[in-house]
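In: I would like the atomic coordinates for the input below:
(one chain, ligands or ions: 1)
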Amino acid sequence: MELKEKLASEQAVVGVIGLGYVGLPLGLTMAEAGKRVVGLDVDGAKVEKLGAGQSYIRHIEAERIAKARSRFRASTDFSELGSCDAIIVCVPTPLSEGREPDLSYVAATAQTIAQHLRANQLVVLESTTYPGTTEEVVQPILEATGLRVGKDFHLAFSPEREDPGNARYSTKTIPKLVGGVSPQCGEVAAALYGSFLESVVVVSDARVAEAAKLLENIYRSINIALVNELKMLFERMGIDVWEVIEAAASKPFGFTPFYPGPGLGGHCIPIDPFYLTWKARHYDFSTRFIELAGEVNTGMPYWVVDRVVEALGEGGKALQGAKVLVLGVAYKKDVDDLRESPSLKVIEILESRGAVVSYNDPYVGSLRAKKLRHYETFELDSVELEEGVLGEADCVLIATDHGAYDYEWIVRHARRVVDTRNATKNVRHGREKITKA
Ligand SMILES: NC(=O)c1ccc[n+]([C@@H]2O[C@H](COP(=O)([O-])OP(=O)(O)OC[C@H]3O[C@@H](n4cnc5c(N)ncnc54)[C@H](O)[C@@H]3O)[C@@H](O)[C@H]2O)c1
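Out: Have a look, this model is predicted:
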């Protein structure tokens, strides 16, 4: 059977490297569609949990893992790659301390694949990265084996568009971009994805697919920065930015609403645009929109803390020594993901300015012993959200608008509320206590 044909069939064995927010749902989706999947990760604890039918990602139910068990297996034994027809790479692509692309995970994974690479395999990189990575970083490592891309094995890039917690779109229903290092590589990769996803869009090469993913995230970053800047202006003018956005969104064409907040969070939007900024420097090009958006968005946690200072000041209270209860430390609504969460920055600034900070998050029980990039470990555990806890705080700061919160109840029992998400929009009583930020 030809590789293309095999990949489209239930005979295919697919290896997924990196079982995180991207790799795990992808592996499960393939298994659910009838493929045999080997999930590989260097984190033995994750592999063990999956083996026991448990989940470590809040929005992926254990039941789904247990159900997929006959077709989805997790392992730390990378020699299993030799028996895979396709290998999909979903490892992290963070920024280094100097805010440069850290491709060490991708390169290490390519080295591991190279040890087991054989003719007639497909390798796909899904990790978000700058245009050229698949050809300039992955291909040379794989070709050092003596095998040739397009001749012996196939290589493609297919960006992940996962949106954790999004109830409307899942891995299966989000259209998938595919770009091969050669047209044939693209076709082979499209045969695999087309066999378990609803829609596949093939582009002319891997660089287009890499660039398209960055465009998507840069577009978000810039538009969020725009509304964050307008929020600060409109606040000074006494205009509610949320109402303005809602009004503008009534236009049925030519406008997509973006919403302000306490700053950017998550593994993608605060990081990915700077992959392009770095690459652009090699072409003597400066990505001014990206830099400007980064500047505005980075300033948001500081602006939010200034609003807390103002809100406290209205009651004659200084931030120094004030008790501030932060609601929500995950970077966005209804997820348990702390990566790059602006709440952490807000807590750090509040503490550095003398506030006594506590927090509640239904999905993050503790910040102790968490590996949080850029931060010293916080010595904080989530407090129970009770009337007394709300009433004791000089200010309650809504940083993440989790759906589990009863905002009417929160405002009723709080002395003062600073709301960065317009979460209190429908609260009827006690509106005079609310400051939007
Ligand atoms: N999280 C998202 O919503 C999202 C969305 C789109 C794209 N992405 C991109 O997808 C990629 C993966 O992101 P994620 O959120 O799944 O990350 P993650 O941190 O949740 O998962 C990565 C996994 O890779 C494993 N890993 C690290 N090094 C490894 C190695 N050498 N070999 C095998 N496994 C290794 C880690 O243990 C971890 O389980 C990144 O490039 C990210 O930018 C993420």
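
In: what's the longest helix in the protein?
Out: Ranked by residue count and defined by DSSP state H, the top helix of the chain is helix 206-237.

In: helices or strands up against it?
Out: Packing partners of helix 206-237 (3 or more Cβ pairs under 8 Å, 6 or more residues apart in numbering; DSSP states H and E): strand 154-157, strand 176-180, helix 241-248, helix 273-281, helix 288-314. Every C-beta, even on glycine, is put in place using the N, C-alpha and C of the backbone.

In: redo those as a markdown table? Include mean neighbour count, mean pLDDT and distance to the ligand.
Out: Output for those, formatted as a markdown table (neighbours: other Cβ atoms under 10 Å; pLDDT from 0 to 100; distance: least, Cβ to the nearest ligand atom, whole Å):
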| stretch | mean neighbour count | mean pLDDT | distance to the ligand |
| --- | --- | --- | --- |
| strand 154-157 | 29 | 98 | 11 |
| strand 176-180 | 26 | 98 | 12 |
| helix 241-248 | 15 | 98 | 24 |
| helix 273-281 | 20 | 96 | 9 |
| helix 288-314 | 18 | 97 | 16 |
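
In: and the protein, which residues reach the ligand?
Out: 17-23, 40-43, 46, 90-93, 105, 108-109, 127-128, 160, 162, 164, 267-268 (Cβ under 6 Å from any ligand atom).

In: now the helices and strands packed on helix 206-237 as a markdown table including distance to residue 10?
Out: A markdown table is the format used below for those (distance: least, Cβ to Cβ, whole Å):
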| stretch | distance to residue 10 |
| --- | --- |
| strand 154-157 | 20 |
| strand 176-180 | 19 |
| helix 241-248 | 47 |
| helix 273-281 | 36 |
| helix 288-314 | 43 |
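
In: for the residue in the chain sticking out farthest from the centre, give me its contacts.
Out: The centre of the chain is farthest from one residue, residue 316, which by Cα atoms, centre = their mean lies 39.5 Å away. For residue 316, the contact set (Cβ atoms under 8 Å, 6 or more residues apart in numbering) is empty.

In: now the strands for the stretch 1-150 of the chain?
Out: Remark: strands assigned in the stretch 1-150 of the chain by DSSP state E, counting those that start in this stretch are 13-17, 36-40, 72-75, 86-89, 122-125.

In: give me whichever of those is most buried.
Out: strand 122-125 (a mean of 28; mean count of other Cβ atoms under 10 Å).

In: in its sheet, what does that strand sit against?
Out: Strand 122-125 sits in its sheet next to strand 86-89 (parallel), strand 154-157 (parallel), going by DSSP bridges.

In: relative to residue 256, which of those is closest?
Out: Minimum separation from residue 256 across the strands paired with strand 122-125 (Cβ to Cβ) falls at strand 154-157, 26.0 Å.

In: re the thing from before, among the residues of the chain next to the ligand, which are located in helices?
Out: Members of those lying in helices (criterion: DSSP H): 23, 46, 105, 108, 109.

In: pick out the most distant pair among the residues you listed.
Out: Using Cβ to Cβ, these reach their maximum pairwise distance at 46 and 108, which is 17.0 Å.

In: give me the more crowded residue out of those two.
Out: Counted by other Cβ atoms under 10 Å, residue 46 and residue 108 do not tie: residue 46 has more neighbours, with 22 against 13.

In: who's in contact with residue 13?
Out: Going by Cβ under 8 Å, 6+ apart, residue 13 touches 35, 36, 37, 38, 83, 84, 85, 86.
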